[in-house]
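Colleague: my questions are about this predicted structure, shown below with the sequence.
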Amino acid sequence: MMILPPMETAIAAMAGLSGFLALMVVFWPHFARDDLETRIRKLGQEKEEIRVRERARLNSPKEISLRSEPRRIYRLIVDRFNLTRQTEDGAVVRQLRMAGYRGQGPLLTFLASRLLAAIGLFVLSTLYVFFVLKLDLPLLTKSMIPVVVGGLGYFAPSIFLKNRITKRQVSIRRAWPDALDLLLICVEAGMSVEGAFRKVSEEIGVQSRALAEELTLTTAELSYLQDRRMAYENLAQRTGLDGVRATVTALIQSEKYGTSIGQSLRVLAIENRDTRMSEAEKKAAALPPKLTVPMILFFLPVLFAVIITPAAIQLMDLP
């Protein structure tokens, strides 16, 4: 049996690994899970809940909620520590809606997770600092470490929530000009605003799932809410984007004064497309300064080694 030299063995292993990674890149779309249909089905269920809730509110003075109940432990924690006072200003609820979390369940989960994360990290860090590390530090200094770690645990859910809001806004901002173009085509073709929103939500889901969800909810609210202006304003609040707010303002003015929405949508689509292009140009202009440090640290040493090494070898071979 022929034994390959170490260098050839390494090259063969790297070639095999490269081939395996190339196959994974080619066939990954077939293995990746696409949950778009499941999310659209959930939105359809929420649409039915909105319809039932609005009908019940019209028939009875008592409001009902058909949303899924949160876990019992989260409700007990929130009630025991009276954490609902933190939502009186509505900022937490707005942030949860902007992140794509709707209903009472995510709100209670968020409030309880902040408390549980703070207490859990405080206890774990205390055990680790006092019984595992056994640091030779003053008692006050060692006591401050668990307090700081517990504070980080309290703010960790908020950081996660802000990160999710940013990702959703980026997805909606990128797809919004295309959605306006589709909306303009549907409106000028003679479709109603509800039908246009429904059609655009079906077509834009491939590009932005977050935008498809928001448009689907707006369609449901336009169909079942008494005040159509409230449906538009809810869309602007859930997205938190200036481009969406401008479009909502144009739609509200069209509903109020009966003006044509086609020209406004055309102008808004052009402005949003120009804004997206300007943001891309800003990122492209900021790329060279960002690449300077990586090039100095990683590219130049290798380049110098490749250039200088042959000359150094030749100098070493001289008598």
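Modeller: Ah, there it is.

Colleague: this protein: strands as residue ranges?
Modeller: With DSSP state E as the definition, the chain shows no strands.

Colleague: please work out the average pLDDT along the top helix by length along it.
Modeller: Criterion DSSP state H: the longest helix present in the chain is helix 139-188. For helix 139-188, mean pLDDT rounds to 91.

Colleague: next: stretch 39-55.
Modeller: Stretch 39-55 comes out at a mean pLDDT of 73.

Colleague: buried set for that stretch?
Modeller: For stretch 39-55, a neighbour-count test (16 or more other Cβ atoms under 10 Å) marks 39-40, 43, 46-47, 49-50, 53-54 as buried. Just so you know, the C-beta spots here come from the backbone N, C-alpha and C atoms, and that holds for glycine as well.

Colleague: can you redo these as TSV with distance to Pro288?
Modeller: Output for the buried residues of stretch 39-55, formatted as TSV (distance: Cβ to Cβ, whole Å):
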residue	distance to Pro288
Arg39	39
Ile40	42
Leu43	43
Glu46	46
Lys47	48
Glu49	51
Ile50	50
Arg53	54
Glu54	55
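
Colleague: ok, so of the residues you listed, who is nearest Thr309?
Modeller: Arg39 (55.6 Å; Cβ to Cβ).

Colleague: how near is the closest one to Thr141?
Modeller: 49 Å (Cβ to Cβ, to the nearest Å).

Colleague: repeat for Thr275
Modeller: Applying Cβ to Cβ, the value for Thr275 to Thr141 is 50 Å.

Colleague: compare neighbour counts for these two and give me the winner.
Modeller: More neighbours surround Thr275 than the other of Thr275 and Thr141, with 15 against 10 (other Cβ atoms under 10 Å).

Colleague: so the more buried one makes contact with Leu241?
Modeller: No: judged on Cβ atoms under 8 Å, Thr275 makes no contact with Leu241 at a distance of 10.3 Å.

Colleague: common neighbours of these two, please.
Modeller: Among the neighbours of Thr275, none is also in contact with Leu241 (Cβ atoms under 8 Å, 6 or more residues apart in numbering).

Colleague: how about Thr247, nearest residue that isn't a chain neighbour?
Modeller: The shortest distance from Thr247 to any non-neighbouring residue, by Cβ to Cβ, 6 or more residues apart in numbering, is to Leu268 (5.4 Å).

Colleague: neighbours of the one you found, just the number please.
Modeller: For Leu268, the count of nearby residues is 22 (other Cβ under 10 Å).

Colleague: quick one, what contacts it?
Modeller: Leu268 neighbours (Cβ under 8 Å, 6+ apart): 180, 243, 246-247, 250.

Colleague: just put the residues you listed in JSON lines and tack on neighbour count and distance to Ser18.
Modeller: Formatted as JSON lines, the contacts of Leu268 follow (neighbours: other Cβ atoms under 10 Å; distance: Cβ to Cβ, whole Å):
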{"residue": "Leu180", "neighbour count": "24", "distance to Ser18": "43"}
{"residue": "Gly243", "neighbour count": "22", "distance to Ser18": "43"}
{"residue": "Ala246", "neighbour count": "16", "distance to Ser18": "49"}
{"residue": "Thr247", "neighbour count": "25", "distance to Ser18": "47"}
{"residue": "Ala250", "neighbour count": "18", "distance to Ser18": "53"}
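
Colleague: closest to Met191 out of these?
Modeller: Met191 has its nearest neighbour among the contacts of Leu268 in Leu180, at 14.6 Å by Cβ to Cβ.

Colleague: the closest one contacts Leu265, correct?
Modeller: Yes: counting by Cβ under 8 Å, Leu265 is a contact partner of Leu180 at 5.8 Å.

Colleague: who touches both of the two?
Modeller: In contact with both Leu180 and Leu265: Thr247, using Cβ under 8 Å, 6+ apart.

Colleague: quick one: contacts of stretch 250-259?
Modeller: Taking Cβ under 8 Å, 6+ apart as the rule, stretch 250-259 contacts 193, 228-229, 232-233, 260-261, 264-265, 268.

Colleague: and for Leu124, the neighbour number?
Modeller: 14.

Colleague: that one and Val148, how far apart?
Modeller: For Leu124, the distance to Val148 - Cβ to Cβ - is 13 Å.

Colleague: residue ranges with poor pLDDT in the stretch 1-150 of the chain?
Modeller: For the stretch 1-150 of the chain, the stretches flagged by pLDDT under 70 are 1-8, 10, 29-37, 54, 57-70, 87-89.

Colleague: now do the helices in it.
Modeller: Applying DSSP state H, counting those that start in this stretch to the stretch 1-150 of the chain gives helices spanning 6-31, 36-59, 72-81, 91-98, 104-127, 139-188.
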